[in-house]
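> give me coordinates for this.
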Amino acid sequence: NDRMFVKPFRVKSSVQLKTSEKKKFRHLVEDTFSKNPEIITVLPNKANVVATKLLPHNDSLGMIQVHSIDKVPLFLTLESDAVPIPTIHTLWRIPDLLPRVTMPYVVLDKLLGGADLMLPGIYPESFPQYWDIGDIVAICGPNNGAALAVGIWALSRQDAMERGLKGKGIHIYQVYQDQLWQYGTKDKLPSLPPPNYEVEEESQEPEEQSGVADNVELGEADNTATVAGAGEVKVDSTDEGVVVAADSGGLNAAVDNVTSSLEEVSMSKDDILLEACYRALKTSLKKTDLPILISNFYSQHVKPCCAQPVEIKQTSFKKVGVLMKELEKQGIIVIKEQKKGVLNITEVNFAHHSLRGMKKLEKEEEEVEEEENIAVVQAYTCNAHVTRLFSLYGHKKGDILLRKTLREHVIAYIKTHDLADPADKKLVRLDPLLSTVMKTRDLTAPWNQVVQKVESNCGKCFIISLPDKFPITVKGDLPPIQFKVEKRTGNKKVTIVSNFEVFGIEAKELAQK
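Sure thing, here's the model as predicted:
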């Protein structure tokens with residue numbers, strides 16, 4: 001495919017423009033879009049403009065230069081043409097900067113795949129009164145004026161009319177959620193007032209337009225969206241682009257229903273996972289859980305908060321560490337490397353604007369068959385060093401404490417003895433007992449450090465829960481299950497599994513599985 005941002009590109013250089021270069025580019029943008037005085041608001045005088053040269057996957061496309069502010073791509077310039085082309089981010093700020101046409105949301109995936117937009121895929125009432133070949137145009141969806149894509153006309157209005165509005169209509173340059181969008185700040189599609197199109201009165205009788213759609217069925221196999229009572233909207237992907245066809249009686253009645261039924265299509269898997277992170281930080285994670293391994297945060301808090309099942313490998317993040325770095329980049333969390341390769345979330349900005357309004361996920365109650373899995377939970381034992389503290393809560397030497405119980409006891413002790421530092425609420429004043437249990441001579445310590453030190457001075461153990469059996473308690477570290485492939489006579493290979501007995505797995509049962 002020859003589209004520039006369908007596949008990952010290579011960054012050749014990225015430099016901040018000098019004052020003189022910035023003024024020159026600003027004047028070029030003002031001259032290009034002189035009909036809209038708002039354009040100057042996109043490039044403030046004091047803003048740092050960065051020019052990035054990109055090499056797309058297809059060398060025939062030539063060099064592409066992208067101008068951005070605060071990592072938000074605003075304009076792109078082709079090597080063959082010096083005219084700055086606004087990105088969708090710029091069009092979200094100034095929606096009427098370019099003429100806008102409207103397409104069904106079902107076409108978005110096809111454009112992301114590299115197809116151009118065919119003339120039948122554009123709603124007839126959204127065609128401009130005039131356009132010429134090469135004119136820049138924005139493309140949005142029904143009931144939302146925010147641009148989903150930007151491109152240039154492949155032919156003039158006169159040529160389009162002579163061809164009966166058939167054939168390729170718009171060469172696509174950028175699409176929402178493409179590689180350029182992912183390279184930037186990955187802003188979500190805003191909700192903007194739809195364009196006001198001047199629609200000529202049609203001669204159809206009222207009976208032909210009175211159909212109301214009751215439901216929508218989406219078919220993945222044939223790329224169709226069938227709307228009951230309103231005909232069929234069909235998306236065909238060709239070598240040249242995307243064709244959207246609909247019966248004339250049902251298209252207008254179907255638009256609103258197709259839009260509402262496809263709202264989730266416009267939300268990428270990256271967005272779903274980020275939203276789950278925001279929800280987990282707001283509704284699931286507590287301050288007393290910190291510090292927490294990023295892997296534990298993802299498995300114990302983020303995954304249960306996903307509105308839809310999404311695997312990390314299905315997103316552009318690919319790894320949990322990259323996802324956490326994105327949250328840190330947004331200023332929501334602070335990550336520290338405890339030791340090489342071990343990352344902990346140590347701080348959370350619970351007042352961050354992205355977390356506002358997040359509520360617990362309401363899931364429908366379903367009867368789920370319990371899987372016969374082995375559950376391993378880390379716990380702590382009361383040794384001689386910490387028993388004096390936990391004996392206040394009815395525990396004796398050798399008792400096993402779950403992490404949650406241990407933290408609740410430590411916090412209760414601090415609150416009961418009024419040890420919170422009045423000058424700094426983040427600190428705890430250490431009395432003789434806490435100093436002894438923590439093995440420290442410090443007078444104060446952060447809340448999280450108090451709990452962490454008490455945990456580290458307890459004995460370590462693991463509780464292994466087995467299906468239909470009593471739990472097994474293993475003190476100390478758990479040996480990992482090892483798999484080793486060895487060769488035998490006759491080039492025969494056997495797999496040797498060891499250390500599985502600790503987990504209550506029987507050899508005969510394992511061999512059968």
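> list the buried residues for stretch 188-196?
Of all the residues in stretch 188-196, those buried under the rule 16 or more other C-beta atoms under 10 Å are 189, 194-195. Where C-beta positions appear, they are placed from N, C-alpha and C, glycine not excepted.
> of those, closest to P128?
The shortest approach to P128 among the buried residues of stretch 188-196 belongs to P195, at 10.2 Å (C-beta to C-beta).
> and the closest one, how far is that from Y123?
Distance check for P195 against Y123: by C-beta to C-beta, to the nearest Å, it reads 11 Å.
> what do these two both touch?
Applying C-beta atoms under 8 Å, 6 or more residues apart in numbering, one finds that P195 and Y123 are jointly contacted by T102.
> any chance of a markdown table for the buried residues of stretch 188-196, columns pLDDT, distance to F33 and secondary structure?
Shown next, in a markdown table, are these (pLDDT from 0 to 100; distance: C-beta to C-beta, whole Å; DSSP: H, G, I helix; E, B strand; the rest coil):
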| residue | pLDDT | distance to F33 | secondary structure |
| --- | --- | --- | --- |
| L189 | 89 | 22 | coil |
| P194 | 86 | 22 | coil |
| P195 | 84 | 17 | coil |
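> and those residues, which is closest to T405?
L189 (45.1 Å).
> nearest residue to the closest one in space, please, no chain neighbours.
By the measure of C-beta to C-beta, 6 or more residues apart in numbering, the closest residue to L189 outside its immediate chain neighbours is A146, 5.4 Å from it.
> how about I496?
Nearest residue to I496, sequence neighbours excluded (C-beta to C-beta, 6+ apart): K484, at 4.6 Å.
> can you get me the start-to-end distance on stretch 41-56?
One end of stretch 41-56 to the other measures 29 Å (C-alpha to C-alpha, to the nearest Å).
> what lies in contact with that stretch?
So stretch 41-56 is in contact with 4-5, 7, 9-17, 21-22, 25-26, 29, 63-70, 74, 90, 93-94, going by C-beta under 8 Å, 6+ apart.
> do the same with stretch 300-314
For stretch 300-314, contacts defined as C-beta under 8 Å, 6+ apart pick out 264, 269, 272-273, 275-277, 279-281, 283-285, 298, 318-320, 323, 361.
> among those, which ones are buried?
Buried members of the contacts of stretch 300-314, scored by 16+ other C-beta under 10 Å, are 269, 272-273, 275-277, 279-281, 284-285, 298, 320, 323.
> nearest the geometric middle of this structure, what residue?
Nearest to the mean C-alpha position of the chain, by C-alpha atoms, centre = their mean, lies D270 at 2.4 Å.
> now do the same for that one: helix, strand or coil?
Under DSSP: H, G, I helix; E, B strand; the rest coil, the three-state class of D270 is helix.
> can I get stretch 415-425 in CSV, CA atoms only?
Taking Å, rounded to 0.1, in the frame of the first residue of the first chain, the C-alpha atoms of stretch 415-425 are listed here in CSV:
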residue,chain,number,x,y,z
LYS,A,415,-4.0,5.6,63.8
THR,A,416,-4.7,4.3,67.3
HIS,A,417,-1.5,5.7,68.7
ASP,A,418,-1.9,9.0,66.7
LEU,A,419,1.5,8.6,65.0
ALA,A,420,0.6,10.5,61.8
ASP,A,421,2.9,13.6,61.5
PRO,A,422,0.7,16.7,61.9
ALA,A,423,3.2,18.8,59.9
ASP,A,424,3.4,16.4,57.0
LYS,A,425,0.5,13.9,56.5
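> poorly predicted segments of the stretch 401-513 of the chain, please.
467-470, 512-513 (pLDDT under 70).
> residues near the residue nearest to F33 when sequence neighbours are not counted, how many?
The shortest distance from F33 to any non-neighbouring residue, by C-beta to C-beta, 6+ apart, is to I39 (4.5 Å). Other residues lying near I39 total 20 when counted by other C-beta atoms under 10 Å.
> cool, the one 5 residues further on as well?
Counted with other C-beta under 10 Å, the burial measure for P44 works out to 11 neighbours.
> same check, this time on G167
16.
> how about the nearest residue to it, chain neighbours excluded?
Excluding the flanking residues, the one nearest G167 by C-beta to C-beta, 6+ apart is L119, at 5.9 Å.
> how many other residues sit next to that neighbour?
L119: 23 neighbours (other C-beta under 10 Å).
> and the pLDDT for it?
pLDDT, the model's per-residue confidence, is 91 for L119.
> which elements pack onto whichever strand or helix holds V322?
Here V322, judged by DSSP states H and E, is contained in helix 320-329. Contacts defined by 3 or more C-beta pairs under 8 Å, 6 or more residues apart in numbering; DSSP states H and E place helix 320-329 against helix 269-283, helix 294-297, strand 333-339, strand 342-348.
> 7 Å instead?
helix 294-297, strand 333-339 (3 or more C-beta pairs under 7 Å, 6 or more residues apart in numbering; DSSP states H and E).
> so what touches the first one?
Read that as helix 294-297. Applying C-beta atoms under 7 Å, 6 or more residues apart in numbering, the contact partners of helix 294-297 are 285, 320-321, 324, 335, 343, 345.
> show me the two of these that sit farthest apart.
L285 and G321 (17.6 Å).
> surely F483 and S498 touch.
No. Using C-beta atoms under 7 Å as the test, F483 is too far from S498 to be in contact (8.4 Å).
> any of the contacts of helix 294-297 buried? List them.
Counted by 16+ other C-beta under 10 Å, the contacts of helix 294-297 give 285, 320-321, 324, 335, 343, 345 as buried.
> which single one of those residues is nearest to V450?
I345 (17.7 Å).
> contacting residues for that closest one?
By C-beta under 7 Å, 6+ apart, the contact set of I345 is 290-292, 294, 297, 333, 335.
> count of residues packed around the residue lying closest to I94 once chain neighbours are set aside?
Spatially, and ignoring its direct neighbours in sequence, I94 is nearest to E38 (5.0 Å; C-beta to C-beta, 6+ apart). E38: 11 surrounding residues under other C-beta under 10 Å.
> where does the prediction get shaky in the chain?
The chain contains residues with pLDDT under 70 at 1-3, 59-61, 197-267, 362-373, 467-470, 512-513.
> now do the helices in it.
19-32, 88-93, 108-112, 157-162, 179-183, 251-261, 269-283, 294-297, 320-329, 387-390, 403-416, 432-438, 447-457, 507-512 (DSSP state H).
> returning to what we had before: was I right about the residue nearest to the centre of the chain contacting S316?
Yes. Look at D270 against S316 with C-beta under 7 Å: they come within range, at 5.5 Å.
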